[in-house]
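Trainee: Quick one: sequence plus predicted model below, questions after.
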Amino acid sequence: MSTSTTAPQRRPRAFRLDNGATIATPAVEPEPDFYEREAAEAAAPTGEAAVEDAQRQGMVRRTLISWGGLFWSAFVSLLTLALGLWFTNLVEDLFRRSPALGYVGLALLALAALALIVLAAREIFAISRQRRIATLHIALAQARAGDDRDTARSRINELNALYETRPGTARARAHLAELTKEIVDGRDLIDIAERTLMAPLDAQVQLEIANAAKRVSVVTAISPRAIVDLAFVAAQVLRLIRRISVIYGGRPGLFGFFKLLRSVFAHLAVTGGMAAGDSIIQQVLGHGLAARLSARLGEGVLNGLLTTRVGLSAMSVCRPMPFAAIDPPGVSDVAPFLFSSGKKNEVK
């Protein structure tokens, strides 16, 4: 008699695979919305926004008077009254000595007053011309961004009128005058104006910047005193800014030049730090100029780079239209000789 043993059946049980711990599921990042990204890029500050902001701080300043302007206005008015009283006493003393001397002094005072009026009129005209150029720059940027055909045509005609006294721009101006009647797209018209009319002026400005950088680097390398370097660099920077303004159509006087300096250094304060970090510090230290060359030659190269940077800021501010069809030049584009010298010395 055989006995069969049956194995006990196991009862079904449930097991937790995570052993009581929560399993972290990878979070799926949502895809960014295209329109939100486009709006963020449009709201982000660009190079053109920095230029227009610098122009509004100097050449297109909207506030009529500030505390600094009020101080200088009161001070100059008081000084003018003092000079007027001094000249009046001088003429009266001359009349007491001799009527002939009195009339001579009075005639000289009248000539001085006439010259002062002419200088004031020229100063007002120069400031208004600079303001006109800066306003034209902003208007052309807005017309190109909005593809405004009517505004583009009127502003291009204004740009042609700005250079009507320059024979070298006659062919380009005539070409633009014909295209203004034919081209419908405002953005294309502005781009063509930039390539035909601005490109030769940009080449002149870049040549001025390169020459100034060469002079500064050479004089700094051979000058015996630091005060000589400082004075020469300051003189070259001021001369370069004025020269760039003249090439682009500006005629800065004394006060107009102060407004221009305010715009240039405002633009340099916004963009100069980033540009210096990218184009100057990395290039100079990367080439080993400070370690391989003499200290004076290294200072000359650095001063040349800084002069080039100031010139590029003045170029952006004084230009009557924004950089769009033409890429804005960089430090290495305008003054490549400052970098090539470092490479040659490294090879040696």
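Mentor: Great, that's in hand.

Trainee: The stretch 1-150 of the chain: helices as residue ranges?
Mentor: All helices of the stretch 1-150 of the chain, identified by DSSP state H, counting those that start in this stretch, fall at 34-43, 47-57, 67-97, 99-146, 149-162.

Trainee: Quick check, Ala152 in contact with Gly186.
Mentor: Yes: Ala152 sits in contact with Gly186 when judged by Cβ atoms under 8 Å, with a separation of 3.4 Å. Every C-beta, even on glycine, is put in place using the N, C-alpha and C of the backbone.

Trainee: shared neighbours of the two, anything?
Mentor: Shared contacts of Ala152 and Gly186, defined by Cβ atoms under 8 Å, 6 or more residues apart in numbering, comprise Ala143, Arg144.

Trainee: Looking at those two, which is more packed in?
Mentor: A count of neighbours by other Cβ atoms under 10 Å puts Ala152 above the other of Ala152 and Gly186, at 26 against 21.

Trainee: gap between that one and Leu260?
Mentor: Using Cβ to Cβ, to the nearest Å, one obtains 26 Å as the distance from Ala152 to Leu260.

Trainee: repeat for Thr220
Mentor: Separation of Thr220 from Leu260 (Cβ to Cβ): 25 Å.

Trainee: the more surrounded of those two?
Mentor: Comparing Thr220 with Leu260 by other Cβ under 10 Å, the one with more neighbours is Leu260, at 27 against 24.

Trainee: quick revisit: okay, the helices of the stretch 1-150 of the chain in a markdown table with mean pLDDT and distance to Gly304 next?
Mentor: Below are the helices of the stretch 1-150 of the chain laid out as a markdown table (pLDDT from 0 to 100; distance: least, Cβ to Cβ, whole Å):
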| stretch | mean pLDDT | distance to Gly304 |
| --- | --- | --- |
| helix 34-43 | 42 | 35 |
| helix 47-57 | 77 | 23 |
| helix 67-97 | 86 | 33 |
| helix 99-146 | 89 | 28 |
| helix 149-162 | 88 | 31 |
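
Trainee: Tabulate those (JSON lines), appending distance to Leu207.
Mentor: Below are the helices of the stretch 1-150 of the chain laid out as JSON lines (distance: least, Cβ to Cβ, whole Å):
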{"stretch": "helix 34-43", "distance to Leu207": "35"}
{"stretch": "helix 47-57", "distance to Leu207": "21"}
{"stretch": "helix 67-97", "distance to Leu207": "36"}
{"stretch": "helix 99-146", "distance to Leu207": "21"}
{"stretch": "helix 149-162", "distance to Leu207": "21"}
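
Trainee: Tell me which of the ones you listed lies nearest to Leu254.
Mentor: Nearest to Leu254 among the helices of the stretch 1-150 of the chain is helix 99-146 (6.5 Å), distances taken as Cβ to Cβ.

Trainee: Which strands and helices lie in contact with the closest one?
Mentor: Packing partners of helix 99-146 (3 or more Cβ pairs under 8 Å, 6 or more residues apart in numbering; DSSP states H and E): helix 47-57, helix 67-97, helix 149-162, helix 186-193, helix 254-275.

Trainee: Make TSV from these and add distance to Gly311 to it.
Mentor: As requested, the helices and strands packed on helix 99-146 are arranged in TSV below (distance: least, Cβ to Cβ, whole Å):
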stretch	distance to Gly311
helix 47-57	15
helix 67-97	27
helix 149-162	21
helix 186-193	23
helix 254-275	9
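
Trainee: tell me, what residue is most central in this protein?
Mentor: Centroid check for the chain by Cα atoms, centre = their mean gives Ser313 as the closest residue, at 3.1 Å.

Trainee: That one sits in which helix or strand?
Mentor: Using DSSP states H and E, Ser313 maps to helix 295-318.

Trainee: For the helix or strand following that helix, name the packing helices and strands.
Mentor: Later in the chain than helix 295-318, the nearest helix or strand by DSSP H and E is helix 331-334. When contacts are defined as 3+ Cβ pairs under 8 Å, 6+ apart, helix 331-334 packs onto helix 199-222, helix 295-318.

Trainee: please redo it, this time with the cut-off set to 10 Å
Mentor: Packing partners of helix 331-334 (3 or more Cβ pairs under 10 Å, 6 or more residues apart in numbering; DSSP states H and E): helix 199-222, helix 295-318, helix 337-347.

Trainee: roughly how far out does stretch 156-173 sit from the chain middle?
Mentor: 23 Å (Cα atoms, centre = their mean, to the nearest Å).

Trainee: Send over it as PDB, restricted to the C-alpha atoms.
Mentor: Below are the C-alpha coordinates for stretch 156-173, written out as PDB (Å, rounded to 0.1, in the frame of the first residue of the first chain):
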ATOM      1  CA  ILE A 156      17.200 107.900 -46.200                       C
ATOM      2  CA  ASN A 157      16.500 111.300 -47.900                       C
ATOM      3  CA  GLU A 158      17.600 113.000 -44.600                       C
ATOM      4  CA  LEU A 159      20.700 110.800 -44.600                       C
ATOM      5  CA  ASN A 160      21.500 111.900 -48.200                       C
ATOM      6  CA  ALA A 161      21.100 115.500 -47.200                       C
ATOM      7  CA  LEU A 162      23.500 115.100 -44.400                       C
ATOM      8  CA  TYR A 163      26.300 114.300 -46.800                       C
ATOM      9  CA  GLU A 164      25.300 116.600 -49.700                       C
ATOM     10  CA  THR A 165      28.400 118.800 -49.300                       C
ATOM     11  CA  ARG A 166      30.800 115.800 -49.800                       C
ATOM     12  CA  PRO A 167      31.800 115.100 -53.400                       C
ATOM     13  CA  GLY A 168      33.000 111.600 -52.500                       C
ATOM     14  CA  THR A 169      29.400 110.500 -51.700                       C
ATOM     15  CA  ALA A 170      27.700 111.900 -54.800                       C
ATOM     16  CA  ARG A 171      27.500 108.600 -56.600                       C
ATOM     17  CA  ALA A 172      26.100 106.700 -53.600                       C
ATOM     18  CA  ARG A 173      23.600 109.500 -52.900                       C
END
